[in-house]
Each structure stands twice: as structure tokens, then as C-alpha cells.
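Chemist: Predicted structure and sequence below. I'll ask about it afterward.
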Amino acid sequence: MAGEKPDVLLVGNAKPVIVDGLSPHVVLHKLIEAKDREALLAAVAGKVRAIAVTYTSERIGPDFMQRFPKLEQVSTFGVGYDHVDAKWAGAHGITVTNTPEVLNEEVADTALGLLLCTVREFPQAERYLRAGKWPSAAYPLSKATLRDRTVGMVGMGRIGKAIARRLEAFGVPVVYHSRKPQAGVAYKYYPKLVDMARDVDTLMVIVPGGAATQNLINKEVLEALGPNGILINMARGSVVDEPALIEALKARTILSAGLDVFVKEPQVPKELIEMEHIVLFPHLGSGSVYTRKAMDRLVVDNLLAWAAGKPPLTPVPETPWPPKK
Ligand code: 8YV
């Protein structure tokens, strides 16, 4: 009914930017605050018209979405939306929005930080100083350097381009592999990942997660990368065959790895934690107050546009706007 506030379900943590931004305009049902999750879902299922998702670990699949017959929009936090079945949503007239662009530079900063930490062993050196070992002997020279490396980008989307720009400024040659060559990108393109892995010594993974990229970095790719090889994963844990990586690190098939993401995060395999020669970040990619606020705001703005009957700001490609008939 015109003028009536639409019912919106909030799945995930009730972040202030999201709650304060939405509350004046919608009736917000916070799943996280429900004493009985199923009871709340049953009570609101018939009236919920949009869902805000703030955890990328919550699965928003057909089983979940079809509980809400009036569902029109799912506005999810994060650029990655492999936790939402966007194809199913598109086929059922539901728009999915994510939060692209506003995190590009932050994630690219983190990628360079992780690369430098891994190549030059900065976290290990810091641990060495804190352990009081410096007065006895200087920290050993790092085995690796960026100075003689070529980075093979696995993925050359918006964040990939921001990372490549930084690498250029660092004087590091860049080549790339993606499903197809990117228009307007001058870096050398490899149609086959394994060929690129053979030619470079450093892989920077920044592709979307999901079925299409599952275990893309496998035993064969790691072997092609070789004993001087360094793997940096800024994408999703699912993109790397984790057991194959653990094996390659143990056997020194590759030199090292810098990982921001894991298959079952926040659980990280014990074998990785016990390895001193790799660098592990707790999914820090976009993790600053500044950037997370911008992402939260975009979750809100996509829903406010919808509530005002306007087009979504950032629909995902599977649910284009206007919807295809
Ligand atoms: C999220 C991310 O913040 O945007 C993405 O896809 O991976 C991060 O920026 C992270 O998933 C936290 O849930």
C-alpha cells in the first residue's frame, strides 16, 4: 500500500550504519536478535519484500529465498556474492545487489601489503624482534625480493586493475589470466593459467568465488609455479585447492604463500598455522572502518532506492536492471 513502510529482513550483524540508515524508511526485522530464528522467519515470511545481508558467510540459496513469496530484492554486503544464488534470484524476479567499487583501493592496498609481507618476511622479522633475538644477530636477509619478480594476476577485474596499477608503480612486471582478455588492458594475456604459472614466479589471485573458479589453483598450477613461486590469495578460499597448497608448501614445491582467505574461514587449517614461512591474514581485504562504512552505506542505498521505486544502484550481472523479460 502506498506510503506504508516495506518489511525488510536483516540477515547478519546489526551494524549501526545499516540499522540507522534503514530504520526510518522500512520495518526492519533483525534475525540476529531473534530468540527463536525459525519462529521469527515464520512470522515475517509472508510480508518480507527485501533482505539485507551483512555476513558473506550466510548462505542465501533457493531454500532460503523461496520462504519469502513477496521477495523483490536482496542487498548484500561485499563485492563477492558467491553466498547468494544470484542466478536463481534472477530467474525468480529477485534483484541482487552487492557493494562493488567502494572497496577497490582498500583491497588493493591490502594485497600489496600481503605480497610485501610474504616476499620480504616482514611478519617473521617483527616476531624475531619481539622475541628479543635482534641483539644476538640481525634478522637474516630475505630469500625473496620483489625486484626480480613478475606477477601473474589471476583475474583482472576492478580490484585486479587497482592491484596491477600499484605493481606498475613498484616497477614490477605484470601479466594476467582471466576467462577472456580485458578490453583496454595492455598487460600480456594468457588464455591458459598453467602456461602463465610456468612463466612467472608470483601469482596474485583476485577472481570471484563460486563454482566457476573452484580449485582453479590446483596441484598442476602450483607445480608450474615452481620452487621460487609465491602464491597470494585475496579472492576466496574456494579458488585454491587447500590440501594441494598445504602439500606444495610442505614439499617446497613452491616457496611461500600469503593468504587472506580460507576454505572454512574463520577456521584455518592447523598445518598452515604451524608453517613459519608463510603469511596468514584474517580476511582483512576491505577491513578498515572507512571502507566498511562505505560498503554498509551502499547496502542501505540500494535498499532505499528500491523502497523509493527507483532502479538499484549496483545490481549484479545475473540480475540486470531493468530485468530481462
Ligand atoms: C567482506 C569481501 O568484507 O567484499 C568482499 O567480497 O570479501 C570482503 O570485503 C568480507 O567477506 C567480510 O564478510
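Modeler: Noted; the coordinates are in hand.
Chemist: which residues sit against the longest helix seen in the chain?
Modeler: Looking across the chain with DSSP state H, the single longest helix is helix 289-307. The contact list for helix 289-307, computed with Cβ atoms under 8 Å, 6 or more residues apart in numbering, reads 5-6, 8, 15, 17-18, 21-22, 25-26, 50, 52-54, 72-73, 75-78, 95, 97, 99, 102-103, 106, 286, 311-314. C-betas here are computed from N, CA, C, even on glycine.
Chemist: Show the average pLDDT along it.
Modeler: On average, the pLDDT along helix 289-307 is 98.
Chemist: Check which helices and strands the host helix or strand of residue 123 is in contact with.
Modeler: Secondary structure assignment for residue 123, by DSSP states H and E: helix 122-130. Helix 122-130 is packed against no helix or strand, with contacts defined by 3 or more Cβ pairs under 8 Å, 6 or more residues apart in numbering; DSSP states H and E.
Chemist: Residues of the stretch 1-150 of the chain that sit close to the ligand?
Modeler: Applying Cβ under 6 Å from any ligand atom, we find that the stretch 1-150 of the chain lies next to the ligand at 56, 78, 79, 80, 103.
Chemist: what's around residue 214, how many residues?
Modeler: Residues within reach of residue 214, counting by other Cβ atoms under 10 Å, total 14.
Chemist: scratch that, residue 251 is what I was asking about
Modeler: For residue 251, using other Cβ under 10 Å, the count is 11.
Chemist: domain ranges for the protein?
Modeler: 7-102+290-307, 104-280 (automatic domain parsing).
Chemist: returning to that earlier point: what's in contact with the helix or strand following the helix holding residue 123?
Modeler: Sequence order places strand 151-154 as the next helix or strand after helix 122-130, per DSSP H and E. Residues outside strand 151-154 that contact it (Cβ under 8 Å, 6+ apart): 115, 160, 163-164, 167, 172-178, 187, 190, 193, 196-197, 199-200, 202-207, 216-217, 235, 239.
Chemist: Quickly check: the helix or strand just after strand 151-154 near the ligand or not.
Modeler: As assigned by DSSP H and E, the chain's next helix or strand after strand 151-154 is helix 158-169. No. Applying Cβ under 6 Å from any ligand atom, one finds helix 158-169 separated from the ligand by no less than 9.1 Å.
Chemist: Just the buried residues of helix 158-169, please?
Modeler: 159, 160, 161, 162, 163, 164, 166, 167 (16 or more other Cβ atoms under 10 Å).
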